[in-house]
Every structure is written in C-alpha cells, then in structure tokens.
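K.L.:
After the sequence you'll find the predicted model.
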Protein chains: 2
Amino acid sequence: MRLPLTVADFLDRAVQVYPERTALVDEPGVAGSLGRITYAELAGRARCLAEGLQRLGVPRGGRVAIVSPNSGRFLTAFFGVSAYGRVLVPINYRLQPEEIGYIVEHSGAEVLLVDPDQESLTAGLPVRHRIVLDGQADAELFGDHLPPEQRRTTQPTWSAPLPGEEDAVVEEDDTCSINYTSGTTARPKGVQLTHRNCWLNAVVLGWHTQLSDRDRYLHTLPMFHCNGWGMPYGLTGMGCPQVVQRKVDGEQILQRVEQEGVTLLSGAPAVVAAILGAAATRLERGEALPGRDRVRMVVAGAPPPSRVIERLETELGWEFIQIYGLTETSPLLTVNRAPAEWAGLDSAERARRLSRAGTPAVGVRLQLAPDGEVLAQANHVFAGYWRQPEASAEALAGGWFHTGDGGHFEVDGPENGQAAGRTSLVISDRKKDVIITGGENVSSIEVEDCLYQHPAVAEAAVIGVPDERWGETVKALVVLKEGATATPEDLIAHCRDRLAHFKCPTSVELRESLPRTATGKLQKFKLRAEYWAGRDRLVN
Amino acid sequence: MRLPLTVADFLDRAVQVYPERTALVDEPGVAGSLGRITYAELAGRARCLAEGLQRLGVPRGGRVAIVSPNSGRFLTAFFGVSAYGRVLVPINYRLQPEEIGYIVEHSGAEVLLVDPDQESLTAGLPVRHRIVLDGQADAELFGDHLPPEQRRTTQPTWSAPLPGEEDAVVEEDDTCSINYTSGTTARPKGVQLTHRNCWLNAVVLGWHTQLSDRDRYLHTLPMFHCNGWGMPYGLTGMGCPQVVQRKVDGEQILQRVEQEGVTLLSGAPAVVAAILGAAATRLERGEALPGRDRVRMVVAGAPPPSRVIERLETELGWEFIQIYGLTETSPLLTVNRAPAEWAGLDSAERARRLSRAGTPAVGVRLQLAPDGEVLAQANHVFAGYWRQPEASAEALAGGWFHTGDGGHFEVDGPENGQAAGRTSLVISDRKKDVIITGGENVSSIEVEDCLYQHPAVAEAAVIGVPDERWGETVKALVVLKEGATATPEDLIAHCRDRLAHFKCPTSVELRESLPRTATGKLQKFKLRAEYWAGRDRLVN
C-alpha cells in the first residue's frame, strides 16, 4: 500500500492519539494569542483556516504568505494551509516592506497573513487579501468566532476532506511550502519544498534528535526559518506540548524552560549566546538555572565557538546537538550528537567535536567536489527554486545539490578501548557569497548592490567576519570615489534605510583599493583571510 | 529531489559514518560464526554476497531463501540480498521439511541458504543452489576466503553498483522480501514487502522506540519474523552494535545483557517469560540482575499478562514497550510506550495500560469496521500476497488492510493534574482463525487438516487457549469416528510427525460433538469462550 507522505500525517496522529493534550502554549499578553489549546482545538482551528481559505477562493496549490514572529496562529497555518493542499510562504518578519513585497509578488500569494506588529510594514502591498492576525480581523478564519466546544475536532484530515475536494488527494510531490532564502543573487530565491521533502526531514530529524511524546518544546527558532527546521511537524506527530517564544530573550527563555518543563529547543548560535548571557546574570545573583540533565538544544546555522558549546553543556547542563543543512535541504543534512564513545572525554574536547557539522543523517548521501564543495543527495533536497528553472538547474547540476559550503571529513580515533572511527563532516569554507549571521543568510551581493547605490561609493566588498555573539557579522570594505566623502556611519545608515537590519554592515572600513585578479574579479578570500587568521576555518 | 527509499540507505549510512564500529557480535562457538566484525566488514561481506549471487545467476528480483536461526550471516543477507535488488525469503527454521519445501517452491527461490543445524532438514529440496552457512561451503559467497583487510568496504552501495547493473536503480516499490506467514488458509502465504514498506517501518519504529547510536541491541527476536520487525535495518542505520542470540535461553540473555552492555531487545511474550524465569533463579541465589534503568524491551505478538509486564519493569527495572502489527504491516501499526503523564501511576496500573496494543504510529490510520475488526492504512502495509491476487484483494478490500483482529479504543482520563486523554487501541478478539503462540502464527485450519488425516478423526476444531508462558497455546477438540479409537497422545504424536512442533496441539480433548450453526458452520467462539471465561478479551 502506498499512501502519500504529507504533513497532514502529523496532525492526524495528534488528533487520533492526543486530542486532549496541550498542543500549544501561546505567548501571553499579545494580540491574537491563542493561549493554551489542545490538539483537538489546534486541528479544529487548522480546519477552520482551510475552509476559510477555500471560501476566499484560494485553490489547491494557491500560495498563502505569512509574516509573523513565532505564534500560535503561525503554527496553525502550517497545517491549515499545507495539510489541505495550499502552499505556505513563510516570510522573515525582519525584512523591509520592499523586500516583503518582492516575495509576496514573486510567490504569487493570494493571501497575506500578518502579525499585528508587522501590520504597518505590509500596508499597501499588492495582494488580494491581507489579513491581520489579531484575533479580530482573522476571527472567522481561525475559528475565534466559534464557541470553544465547536473549535475542537478529532477528525483526521483523511476522514474529512474539504467540501468539493473529496477526490483531490494531496500527493507527496505536491508543494508544501516555498521558503525564500538569500543566496548568491541579489534577490532571495523561493525554495520549493514538497510534502515528501518535509515529511522525511521531520521524521528523520525527529529520530536523530530523539523527539518523543515525553518532550516539551520551546519555539525559540523562528518558524519562518525553513518551517522551523520541520520541528513543528515532528512535534505535532508526537503530540508534544509546544511553547511559543516570540522573541529571543535569554532570561525569558530560562523562565519558560523552568515553568513549562521544557526539554527541547532549537536555535541559531545567537540564541545560545543569549541564554548564556542570562545564565551568567542569574549565577551572579546566586539564582538557580533550570533544565540540568533534562534539556537538549539543537543548534544550526554556523556553529558557535566550541567554548560556547562547552559552557552550555557544563554551566547549564543542557545537551548540545548540532545539525547542518540549508533551506534547500529542508534542512537536515548532518547531525552531531555525542555518541557513547565520547563519554570519557573532557568537556573541551567533547565541545570541540560537537562543533563539527556532524554525520550524514539516515538517507543522506554526501560527497566532496574536487574543490572541496559539499555535494548532497537526499529526499530532503528541494524540488527547485520557484519559477527559476536556471538557478534550479545550476544548484542541482549533475544530480547533486551544491551546498556552496566547503568541507572535509574528520575521523575520530579509538577511544575508551574501542575503535569508534566516527566520520564527521566539518564545514571549513564557503564557496558561495553568503554570510550567516545570527542564523540568517545574508547575500553579500545584495548588500554590495545597496552600497553601490550610495553616490560616494566606487567599490564595495562585503564579507563575513567572526563575531562572538552572531557567529559571523557583516563587514563592508569600501573604496570611495575620487574626491567623494562619506563616513562609515553614513554608509551603515544608508543600508539600514533600505535593507532588513540584520543584513546591514556592523562595520565599514574605507580602503584605497581592493585585491582583484588579472581579469578584475574581486578576491574576497584574501579580504576574509585577515579576519579569520589563526582559526581552523573561514566560516563560523 | 527524489531518491528511492531502499534498505541500502541503512547500510550506506553505517559505512559512511561508523565503518570501524562493532556491527556484529555473532554467537560464539557455532559453525559459520562471524565473531566480532565492524560495519566496514559487514558491508564488505554483504557486497561479496551480492556479487556471489550475481555470479550464481540470480537476477535482479530473483528470490534467495534463508533457513536459519539468528546469525551474523543472516544479518549479512538482509543487505547482501535486498540492498542489491534481490528478494530475501526468510523461512521459519522450525518448520518441517515439507513445509519449507512448499515455501521454497512457491516463492520460486533460486538459492537456499541453510544454517548447518538445518542442513539435514532441507536435503533434497528442489532448489537450484542449496548452500550451507558453515563458513566452508559458503566461504566465497560471504568473503571468508579473503584476507581480513579485503573483507572491508566503506563504499556505499550508491557509489559502487554491481558490474553491469550501473543503470538499474533499485526502486522503492521493488520487492525487498517475501515473508511467509500462517493465516486463514492451510498453506502459509507470502507477504510481499517493498523497500518503501521496510524503510518507512524501520524509521518510524526506530523513532518511536528511540533507537539511537547509543543503543546496543540483542537479537532475541528471530530475524525471520517479519525481518526482525525491521530492527536490523534501523540498527544498522544508526550504527548500533548488534549481538546475536541464537536461541531463547533466559540466563544466557541475562549474561549477554551484562557482558555486552545491551540496552535494547525485542521478542514475543515467551522471551519475557524466559527472562523472568532466569531472573527468579538468580534472585533465589542472591545474584544481581543486569540492565536496571538501562534496558528497553519491545514486545509484540499477543501481549503478555499485565503481571508479566509489571515484573519486567519492577524486578528487572527494564522499560517495557509494546507494539502491535502483523507481517502484512511490516509490522508496525501501533506502539505503546508510557507517556510522561503516567509517571505517578502505580506499577500495576501502569502495566495494565502497557498491555494495550497502543497508539497508531506516525503515518498509520486506524478505524474499526462495524463488526469491530481493526482496519489499517499505512505505508507499512504490504504490496500483496506473492502470486495470490485473490487473497490480496480480499485482505485489502475497500482500500483498507483487514487485520483479522477485533478491537476497540480506550481513552486515558485526566491524571497528574492534566488531561492526557491518550487514545489506545486494545485488541480484544480475533476474527481470523489464527492462534498466536510464543510469537508464532498458527493456522487453525492447517492443524485441523492434519488431524483429519488421522484415520480415527471424524471432526476436529483447533483453538487457542490462554497460557501463562506462551500467551496462547494450541488446543484440539476432536470427535472420533464411530467405533474408532485414538488417545490424545496418539493425535499429538500424529501432528508432531507432520507439522512444525510449535503448531501442534499441546492438549487434545475428545468430545461427543462440536457446536455448529444450522448451516453446519463450526461455532468456534463458543468453544473458545469456556477457556477465556473471566477475562476481558478472547485473545492473548
């Protein structure tokens, strides 16, 4: 028997098995907060959303964009949109209006769901329906207008298709979501993930991170980031309570870990840094830290320095698990969780090993191109860039996905009296012109384009340089036009007016010239090398 | 990107990640034992086997049967046969020669691999190649003839296809194995499992049982039983050391748990009974029991009485996990692992709840037919019975697999201050004429057929009755022909000459008549009812 692998499976299991369990603890005191709801209510609200989108005329395959920090309504949309055959387009809420507008238009979204905080940002965007997620404007769409008992359903999607769609099965190769990501081009590209991509990524990630129904998850990772790495699907499949964390605030994270009995969270290295900062403050005050020997934290997006890993594991007693991947790979490619053989290692050596990208996940094939670029084949690899066949063909040339990251393999030696010989991928260089700062991809080219719009700029090179807090941070090296004047502050302000703030240079250096090849190509590796001297890799 | 989901993925990950880890600790002191080998050697031997089968002329899709207790060579065959596109036909080694002959012939196997202990049983069977797994006759097939360093490979199957098969990708809908199972017919039927069936079953089972690379597994469950429930695939994918247990011996199991640091094992209730028996003997002698708070045991095939579950959890301190399924479902349909909410329950109530079949696994859809029969849809459901289209159509009528088991759902009430409301399947009756004794399916009809061959038998009804050790045991109710004489012992001996011993009645009662409907149909439920009085279900 073949059933399509679709993300509806996860919600269907939750309503079959755990209808009365807490599905969601939404951020309190925020407009549109859903409070504490069960899986029966989450499923009922998702169904309500699906029916509402159908009423608005969004057909199967139609795109529904969402601009929002983490929220219960965002979680509802993962299922209310995708499980019923519409396509979710999650958009980074820190983008500028023009950037959001580009994505809405390029994806062809018919509906734009907007968090109240992003309402003004998105006013006037060219979209048929713009709906604010405040519990008022979207009340009928999300079921707020219904009495509580009518918001519940325990009907799996397979037993209750939408009216008129009884025979239109969602197939596993149908598009589940389109996630825009910055890469080698000035404009972000839409990563088209199928249900099969998302299903297999969620299950294999759940397996490797030992996600179980005993877990309680804190959503510190933005849900718009590659669908929260697929965690929302896997957590729902296991019937786990999911606690919403709207913004990264170290002390608030510690409080929620304590109050909600959190066992699992995910995030970029910047989240780890925020947690360690708050933990240090607590320790100074002689206050206790929660979650020792209970919490696992999954980290990706440029590994943090190994000292940060060590502090998380020793000061807080949380287990550190690293994964590596890209939006184009759903994202799971490799996972690094300490095996039994490492039990005797000291904490520094253990942390050093945990700073590697890790081992290919089940079903993932890795190899290195002659120039060291990491190539991958997996069912997690995307279908292509939305409406960009040439970019898709290039990324998938030769039947392998080109990650743009340079790497090599490291093999553990014998330890604890037995030959472990575990082989791990280490990412040591970046082939593409991408900077990863605080878990966000930034296209160097996009920032350079913006700098060139300044009348004083003759040449600009944008690179990532190491940063304790953000992993990498954006630096611009600029040559001014002859006779022109501009301070670094002027140039940063210029960018901040035009780009999402996380993309903007945090420092600008004015130079006499930039190193170029004989044919005039900028030699960025030379520029980067000064800042990465003494390190064993050229990226974080 | 779509890659076929095939069981090669599991071996490929092991050789990519854990080439030097112990893959296998084979039973010592047995002819053909592989001793302790790494994943590089397991993969090398599997490759050797694949090349050897190709040399013997077994084409892609050709069947390779194996009759063997658990062994390293059996584990090798899971990959050497299936990962390279041949079809494994595992046969219960406790069958009689005639029964094995039927399966070999019906499956069309071209090669029969036989454990030395089963050599005489299988002499003269009509098969092109019969090869004894003694490390001599099969030396070239399994690579014993090579120097140790040449037995190793770290080449994944995808980077090294067999010669001449470079373009012949194994597809996920290709048949992976054919597992013969007794059911409602006198002859066993061949359950055709695809790679997709086996892959998804292994991964979802691995997820639900939290299989990780920190586990060390003891193969107490026969590998021929539905491919060891898919555990050999999942364990290999995680790179776990796998310890072979050739026969069920409680004390030997305890010793291996201790010596090998075992964390996980599986088996039928009879294995639990054997372990508890050995544990009781140790306790009488004042000896320690191994594995407390470390070992998980996964049990299926008629749940043991809840007192047995409680003893395993309290006396040994091993976690009990129940799963339910059939060979036709790869086998995972439901899983029952204690959720966090049960933490405060007393051990008896916890055990009572663990005796349920459990919750549908991720991706499994369950519903009850009007007569209470459990119907299932899942990617774990088989493709059909080998060369039996009518039986296949009947089993899959209406697009749902008919389990033949009657059941109902039970919902947990609120506990520990929160509404858990977990919904579990309970199997309470059997619609098909199948007895499950010690984890083996026995067809009542097959045993009745055998009894009718005895000259003194006029009527025979074979039923399962409760048994402390085996869950159920086979009982025959017989009406003798007028004037004929035969004792129960005569009839049992008659069966033991003709059938695998586990199928034979352990008791025979002579009756004057058997209850029948007006149309002459035997009313077995009436016969069974006497033996199951005072219990809440009619099966174990």
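P.N.:
That came through, no problem.
K.L.:
All the strands of the stretch 151-300 of chain A, in order from the start?
P.N.:
For the stretch 151-300 of chain A, applying DSSP state E, counting those that start in this stretch gives strands covering A:175-181, A:189-194, A:217-219, A:242-244, A:264-267, A:296-299.
K.L.:
Let me know the outermost residue of chain A.
P.N.:
Largest separation from the mean C-alpha position in chain A: A:Gly483, at 43.7 Å (C-alpha atoms, centre = their mean).
K.L.:
For the stretch 51-200 of chain A, which residues are neighbours of chain B?
P.N.:
Contacts of the stretch 51-200 of chain A with chain B, taken as C-beta under 8 Å from any C-beta of the partner chain, map to A:156, A:158-159, A:173, A:196. C-beta: built from backbone N, CA, C; applies to glycine.
K.L.:
rerun that using 10 Å as the cut-off
P.N.:
Within the stretch 51-200 of chain A, the residues that sit near chain B (C-beta under 10 Å from any C-beta of the partner chain) are A:154, A:156, A:158-159, A:172-173, A:194, A:196-197, A:199-200.
K.L.:
And what about the nearest residue to A:Gly372 once chain neighbours are set aside, helix, strand or coil?
P.N.:
Spatially, and ignoring its direct neighbours in sequence, A:Gly372 is nearest to A:Gly406 (4.2 Å; C-beta to C-beta, 6 or more residues apart in numbering or on different chains). Three-state call for A:Gly406 (DSSP: H, G, I helix; E, B strand; the rest coil): strand.
K.L.:
and what of the one 4 residues further on?
P.N.:
For A:Glu410, the reduced secondary structure class is strand; criterion used: three-state DSSP.
K.L.:
That one contacts A:Ile427, doesn't it?
P.N.:
No: taking contacts as C-beta atoms under 10 Å, A:Glu410 lies outside contact range of A:Ile427: 11.3 Å.
K.L.:
if I look at those two, which residues touch both of them?
P.N.:
Common neighbours of A:Glu410 and A:Ile427 (criterion: C-beta atoms under 10 Å, 6 or more residues apart in numbering or on different chains): A:356-357.
K.L.:
Pull stretch A:202-217 out as CSV, backbone CA atoms only.
P.N.:
Output in CSV follows, covering the C-alpha atoms of stretch A:202-217 (Å, rounded to 0.1, in the frame of the first residue of the first chain):
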residue,chain,number,x,y,z
ALA,A,202,10.7,15.9,10.0
VAL,A,203,10.8,12.1,10.7
VAL,A,204,14.5,11.7,10.3
LEU,A,205,15.3,14.8,12.3
GLY,A,206,12.8,13.6,15.0
TRP,A,207,14.6,10.2,15.1
HIS,A,208,18.1,11.6,15.3
THR,A,209,17.2,14.2,18.0
GLN,A,210,15.1,11.5,19.9
LEU,A,211,12.0,13.6,19.8
SER,A,212,9.3,11.8,21.8
ASP,A,213,6.0,12.4,23.4
ARG,A,214,7.8,13.0,26.6
ASP,A,215,9.3,16.2,25.2
ARG,A,216,8.0,19.7,25.8
TYR,A,217,9.4,22.1,23.2
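K.L.:
okay, and for chain A, where does confidence drop off?
P.N.:
The model of chain A has pLDDT under 70 over residues A:183-185, A:302, A:414-420, A:518-520, A:534-540.
K.L.:
Quick one: name the residues of the stretch 201-350 of chain A near chain B.
P.N.:
Contact residues (C-beta under 10 Å from any C-beta) of the stretch 201-350 of chain A with chain B: A:202-216, A:233-234, A:236-241, A:261, A:263, A:328-329, A:334-335, A:337-341, A:343.
K.L.:
check contacts around A:Pro148.
P.N.:
A:Pro148 makes contacts with A:37, A:41, A:44, as judged by C-beta under 10 Å, 6+ apart.
K.L.:
Go again with 8 Å.
P.N.:
Applying C-beta atoms under 8 Å, 6 or more residues apart in numbering or on different chains to A:Pro148 gives the contacts A:Glu41.
K.L.:
Ok, A:Leu477 next?
P.N.:
A:Leu477 makes contact with A:460-463, A:508-509, A:511, A:514, A:527, according to C-beta under 8 Å, 6+ apart.
K.L.:
From the centroid of chain A, which residue is nearest?
P.N.:
Nearest to the mean C-alpha position of chain A, counting by C-alpha atoms, centre = their mean, stands A:His225 at 2.5 Å.
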